[in-house]
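Engineer: missing the sequence, but the structure's below:
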């Protein structure tokens, strides 16, 4: 039993890495999603093409392939990344591409007359986005963002394959050392599930706060 | 970074072999997901709470945990229970089960998409349950599902590299073994990416066509 507490500590240390990766990856994904999503509906052609190319590229291949490419091929181009940096980069860029489509869809679904009204009121493009379009688009994005964050959490398991010591990696270590398979894998499955529940609860709470003043409007 | 075309030609047959297995795995898993997903969707709609609730929980659990860990679970834990599966079978079951929880949602949305009046009309014209499903519900529910199901087929195709972690010799694993034995990573890894990208871009075109042809579920 004393041994088990040691192994459990190992898995919990891995859980910390998983949480860290999820948070950092989500932060990067959020930034990239807004940049690419707004870039895709920008009035300037080259920016639109660039954003479209990025989105199609990262949605066209899986996180696994991207991660291996970042980790194994980039060093030959002179850009050596630590496993953590490679993981965050690949996760953020991959999920960001999915998020970009969410941003685009939500912004486009804001009624046309809202946009026309901002033009009539002579707001600058920045003011239109900041004060009229985004406050209405954000509540539409949130549920899907929550799902994307859960997808990102699930995708973090893949980083164990580039020797990052996340939860899945630690479970493999425990398996290798004890020969026990059911306990470590069931433990991390439950932990992943709890984390996913935490994300969806958090997103729902945030959504309630964000839509608090919008009841009569929508 | 130097790209060697000679090396590309040399490894191409191996990679194509991996690609073949990738396609086979995708199709087999898709078949499992399509059938199992229907079962899950029906079980979740069951009027019996003791069936519907546990099934709903299992679906949520599978959707909330990583496919990689589920594959490990099937590959490492089941043999301890006396169930020995070859890697390929374990992979197909894992992928099929994981994506069945997604296709179940598609089936559910598709069935709920059929207006209530259609059910009532079927009852009013005294159709049997079987007739209602075969002649009224399915013909209306299935076409809008096709693009959504195709979408998950593409997603599964992209996720097959995960099976390399349980020693299935698909495209990614072939590339890895080539890379490890020659210590050249640039060509194999880039080619794997290019293969997946090319197939995905082609499938996006097909998907757009399916959406135009069959419409899409309002999700």
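Structural biologist: Yep, it's here. Given the structure is predicted, the values throughout are model-derived calculations rather than measurements.

Engineer: Provide the count of other residues in contact range of residue 16.
Structural biologist: Chain wasn't specified; assuming chain A. Neighbour count for residue A:16, taken as other Cβ atoms under 10 Å in any protein chain shown: 12. For the C-beta atoms, the positions are set from N, CA and C on the backbone; glycine is no exception.

Engineer: oops, chain B please
Structural biologist: 12.

Engineer: C-terminal to the helix or strand that it is a member of, what's the next element?
Structural biologist: Secondary structure from DSSP states H and E places residue B:16 in helix B:5-45. Counting by DSSP H and E, the element after helix B:5-45 in chain order, helix or strand, is helix B:49-64.

Engineer: Need the per-residue pLDDT for the most centrally placed residue in chain B.
Structural biologist: By Cα atoms, centre = their mean, chain B has its centre lying nearest to residue B:156, at 4.0 Å. Turning to residue B:156, the model gives it a pLDDT of 92.

Engineer: Next, the angle helix B:5-45 makes with the host helix or strand of it.
Structural biologist: Assessed by DSSP H and E, residue B:156 sits inside helix B:138-159. Put simply, helix B:138-159 runs at 140 degrees to helix B:5-45, going by axes from the mean of the first three to the mean of the last three Cα atoms, to 10 degrees.

Engineer: tell me how far whatever helix or strand comes next after helix B:138-159 is from the chain's mean position?
Structural biologist: Following helix B:138-159 in sequence order, the next helix or strand is helix B:171-182 (DSSP H and E). Mean-position distance between helix B:171-182 and its chain equals 24 Å (Cα atoms, centre = their mean, to the nearest Å).

Engineer: which other residues reach helix B:171-182?
Structural biologist: Helix B:171-182 is contacted from outside by A:64-65, A:68, A:72, B:7, B:11, B:14-15, B:17-19, B:21-22, B:160-161, B:163-164, B:167, B:169, B:185, B:188-189, B:191-192, B:195-196, using Cβ atoms under 8 Å, 6 or more residues apart in numbering or on different chains.

Engineer: show me what contacts residue B:2?
Structural biologist: residue B:186.

Engineer: before we move on, what about residue B:15?
Structural biologist: Neighbour list for residue B:15: B:171, B:174, B:175, B:178, B:188, B:191, B:192, B:195 [criterion: Cβ under 8 Å, 6+ apart].

Engineer: farthest pair in the residues you listed?
Structural biologist: The largest separation in the contacts of residue B:15, counting by Cβ to Cβ, is between B:178 and B:195 at 13.5 Å.

Engineer: where does chain A have low pLDDT?
Structural biologist: Scanning chain A for pLDDT under 70 picks out A:1-2, A:214-218.

Engineer: biggest helix in it by residues?
Structural biologist: helix A:2-40 (DSSP state H).

Engineer: of all the residues in chain B, which ones are close to chain A?
Structural biologist: B:1, B:61, B:63-70, B:72-73, B:76-77, B:80, B:158-159, B:161-162, B:165, B:172, B:176, B:179, B:185-186, B:189-190, B:192-193, B:196-197, B:200-201, B:204 (Cβ under 8 Å from any Cβ of the partner chain).

Engineer: who in chain A is up against chain B?
Structural biologist: Residues of chain A lying close to chain B (Cβ under 8 Å from any Cβ) are A:56-57, A:59-62, A:64-66, A:68-69, A:72-73, A:76-78, A:150, A:153-158, A:160-161, A:168, A:171-172, A:175, A:181-182, A:185-186, A:188-189, A:192-193, A:196-197.

Engineer: List only those of the residues you listed flagged as buried.
Structural biologist: By neighbour count, with 16 or more other Cβ atoms under 10 Å in any protein chain shown, the residues of chain A next to chain B hold A:57, A:59-62, A:64-66, A:68-69, A:72-73, A:150, A:153-158, A:160-161, A:168, A:171-172, A:175, A:181, A:185, A:188-189, A:192-193, A:196 as buried.

Engineer: re earlier: buried among the contacts of helix B:171-182? Make that a ChimeraX selection.
Structural biologist: Selecting the buried subset of the contacts of helix B:171-182 in ChimeraX, with 16+ other Cβ under 10 Å as the burial test, is done by:
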select /A:64,65,68,72 /B:11,14,15,18,19,21,22,160,161,163,164,169,185,188,189,191,192,195,196
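
Engineer: Helix or strand: which one has residue B:188?
Structural biologist: Element membership for residue B:188 (DSSP H and E) is helix B:186-214.

Engineer: which of the residues in that helix are buried?
Structural biologist: B:186-193, B:195-197, B:199-200, B:203, B:207, B:210-211, B:214.

Engineer: Next one: residue A:70 from residue A:162, what distance?
Structural biologist: Distance of residue A:70 to residue A:162, computed by Cβ to Cβ, to the nearest Å: 9 Å.

Engineer: Also residue B:115?
Structural biologist: In this view, residue B:115 and residue A:162 are 50 Å apart by Cβ to Cβ.

Engineer: Those two: who's more crowded?
Structural biologist: Neighbour count, other Cβ under 10 Å: between residue B:115 and residue A:162, residue A:162 has more, with 18 against 10.

Engineer: which one is the more buried one nearest to, not counting chain neighbours?
Structural biologist: In space, and not counting its chain neighbours, residue A:162 is closest to residue A:71: 4.7 Å by Cβ to Cβ, 6 or more residues apart in numbering or on different chains.

Engineer: Quick check: the one you found touching residue A:82?
Structural biologist: No - contact criterion Cβ atoms under 8 Å: residue A:71 and residue A:82 do not qualify, at 9.6 Å.

Engineer: who has more neighbours, the two?
Structural biologist: Neighbour comparison, residue A:71 and residue A:82: the larger count goes to residue A:71, with 25 against 10 (by other Cβ under 10 Å).

Engineer: For that one, which residues are in contact?
Structural biologist: Contact analysis of residue A:71 by Cβ under 8 Å, 6+ apart lists A:81, A:83, A:86, A:90, A:162.

Engineer: repeat that for 10 Å
Structural biologist: A:80-83, A:85-87, A:89-90, A:159, A:161-164, B:185, B:189 (Cβ atoms under 10 Å, 6 or more residues apart in numbering or on different chains).

Engineer: before we move on, what about residue B:36?
Structural biologist: Neighbour list for residue B:36: B:93, B:96, B:97, B:99, B:100, B:101, B:103, B:104 [criterion: Cβ under 10 Å, 6+ apart].

Engineer: so the first one sits right up against residue B:31, yeah?
Structural biologist: No - taking Cβ atoms under 10 Å as the contact criterion, residue B:93 and residue B:31 are not neighbours in contact, 11.6 Å apart.

Engineer: so what's residue B:30 closest to, chain neighbours aside?
Structural biologist: Nearest one to residue B:30, counting by Cβ to Cβ, 6+ apart, is residue B:153 at 5.3 Å.

Engineer: Please tell me the pLDDT value assigned to the one you found.
Structural biologist: On the pLDDT scale, residue B:153 gets 91.

Engineer: Pull the number of nearby residues for it.
Structural biologist: Quick note: residue B:153 (other Cβ under 10 Å) scores 19 neighbours.
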